[in-house]
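> Provided below for reference: sequence and predicted model.
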Amino acid sequence: MTEPLMIGVDLGGTKIAFAAVDRAGNVIVEHVLATRAAEGADAVIGRIAQGINDVAAKAGRPVRGVGIGSPGAIDVKRGVIINAVNLNWLDVPLADGVKTLINMDVPVLVQNDVNVGAMGEFLFGAAQGIDDFVYLAVGTGLGGGAVSGGRLVSGVFGMAMEVGHVSINPHGRLCGCGTHGCAEMYISGKGLVAGAIEHLPAYPDSPLTNMTITTAAIVQADIDGDPLARRVVDEAGDALGEVMAWSVIMFNPSLLLIGGGMGKVLGERLIERARAAMSVRVYAPLLPFVQIGWSKVESTAVGAAALAWLNASDS
Ligand SMILES: [Zn+2]
């Protein structure tokens, strides 16, 4: 077994996940380390490099490249993190820092974490062979990535399709980013909780009044037919439908892929509502050509490895 591998890294605020992945998408070795961002960027970069070296040694096969999925704004060409709030990083030369510390002379690429999710779907997942698709990740927040003509649409800072922070209501719920009515304040785990809290006074009989409001409690109350929870999930579906409508008109994709833990939990209930909201907002003749599907690759580290594989096949 000497077939080469790529190592994908998912750099998160609390943990760093590693995956050594072959060209077919098989995960050969996995590894997880704590980020411990409070120790500073140099320490975190050291841990990333150590993790890559350990995974490579354990895999015992040639490694051809490294892909890193990172939150925040990224100078993708130079591999520099411009600003990552949850790591407290400003202008950190991540790719160069890792490259000097690993035991191999291979390309190190950095890209936005949701964009690498889209790359994972493109190479190994639900978008294989599909050159025009949009990936929407409904998790704690909302992220997006687009592939157009077989190429990732990255943008200057890897933030193209960062749809979570477009306002769909300038007078709406205040988002952590400082803007009112960001899409993710409606369609995400965070958005569901914010919606339940906002509407709670109008629903004194809701079971949610007597408990700590969590996404799990909202989802269960929706299943049980609670009017408050139904309203909140309906709003989430409407917001997703609006984002899907923009996606359809901007990229004319043949596939909208919904991913993220929260999206999967809400399932078809969410999709039905979103489909209806999309269909009244978008040029109707495009709609029959757009499929809506579920993402398959759950690991951002595997997506980061896909980024590395796709780069290798380009050059
Ligand atoms: Zn925002």
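Here it is on my side, so go on. Residues are numbered from 1 along each chain as shown.

> now check the lengthiest helix in the chain, is it near the ion?
Determined from DSSP state H, the single longest helix within the chain is helix 227-251. No: counting by C-beta under 5 Å from the ion, the ion has no neighbours in helix 227-251; the shortest distance is 12.6 Å. C-beta here means a position set from N, CA and C on the backbone, and glycine is covered the same way.

> next up, the contacts around residue 213.
Taking C-beta atoms under 8 Å, 6 or more residues apart in numbering, we find residue 213 in contact with 193, 196, 197, 200.

> residue 214 too?
residue 193.

> so which of the contacts of residue 213 are in helices?
Here DSSP H is the test, and the contacts of residue 213 give 193, 196, 197 as lying in helices.

> who wins for neighbours among those residues?
Of all the ones in helices among the contacts of residue 213, the highest neighbour tally under other C-beta atoms under 10 Å goes to residue 196, namely 25 neighbours.

> the ion contacts on this protein?
Counting by C-beta under 5 Å from the ion, the chain sits next to the ion at 165, 175, 177, 179, 182.

> are any of the residues you listed buried, and if so which?
Neighbour counting with 16 or more other C-beta atoms under 10 Å marks 165, 175, 182 as buried within the residues of the chain next to the ion.

> now, which of those lie within helices?
Per DSSP H, these never map to helices.

> adding pLDDT, write the residues you listed out as CSV.
Shown next, in CSV, are those (pLDDT from 0 to 100):
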residue, pLDDT
165, 93
175, 93
182, 97
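
> sec struct for residue 18, please.
Following DSSP: H, G, I helix; E, B strand; the rest coil, residue 18 is assigned to strand.

> sketch out the low-pLDDT regions of this structure for me.
Across the chain, the ranges flagged by pLDDT under 70 are 1, 315.

> run through the helices of it in chain order.
So, for the chain - with DSSP H - the helices run 41-59, 94-101, 113-124, 189-199, 215-223, 227-251, 261-279, 300-314.

> give me the angle between the first one and helix 300-314.
For the pair helix 41-59 and helix 300-314, the angle between their directions (axes from the mean of the first three to the mean of the last three C-alpha atoms, to 10 degrees) equals 80 degrees.

> which elements pack onto helix 41-59?
For helix 41-59, the contact count by 3 or more C-beta pairs under 8 Å, 6 or more residues apart in numbering; DSSP states H and E identifies strand 5-11, strand 15-21, strand 27-34, strand 63-70, strand 89-92, helix 94-101 as packing neighbours.

> over to the last one?
Contact here means 3+ C-beta pairs under 8 Å, 6+ apart; on that basis helix 300-314 packs against strand 5-11, strand 15-21, strand 63-70, strand 108-112, helix 113-124.

> assess the claim that residue 123 and residue 310 are in contact.
Yes: under the criterion of C-beta atoms under 8 Å, residue 123 makes contact with residue 310 at 6.1 Å.

> most centrally placed residue in the chain?
Nearest residue to the geometric centre of the chain (C-alpha atoms, centre = their mean): residue 114, 3.1 Å.

> verify the stated contact: that one with residue 144.
Yes: with contact defined as C-beta under 8 Å, residue 114 reaches residue 144; the gap is 6.2 Å.

> any common contacting residues for those two?
Common contacts of residue 114 and residue 144 (C-beta under 8 Å, 6+ apart): 135, 137, 161, 162.

> by neighbours, which of the residues you listed wins?
Result: residue 135 is most packed of these (other C-beta under 10 Å), 31 neighbours.

> which one is that residue nearest to, not counting chain neighbours?
Nearest residue to residue 135, sequence neighbours excluded (C-beta to C-beta, 6 or more residues apart in numbering): residue 118, at 4.1 Å.

> so who does the one you found touch?
Going by C-beta under 8 Å, 6+ apart, residue 118 touches 127, 133, 135, 145, 146, 147, 152, 257, 303.

> nearest to the ion among those residues?
Among the contacts of residue 118, residue 145 lies closest to the ion (C-beta to the ion), at 17.5 Å.

> residue 123 and residue 310 - which one has more neighbours?
residue 123 (23 against 18).
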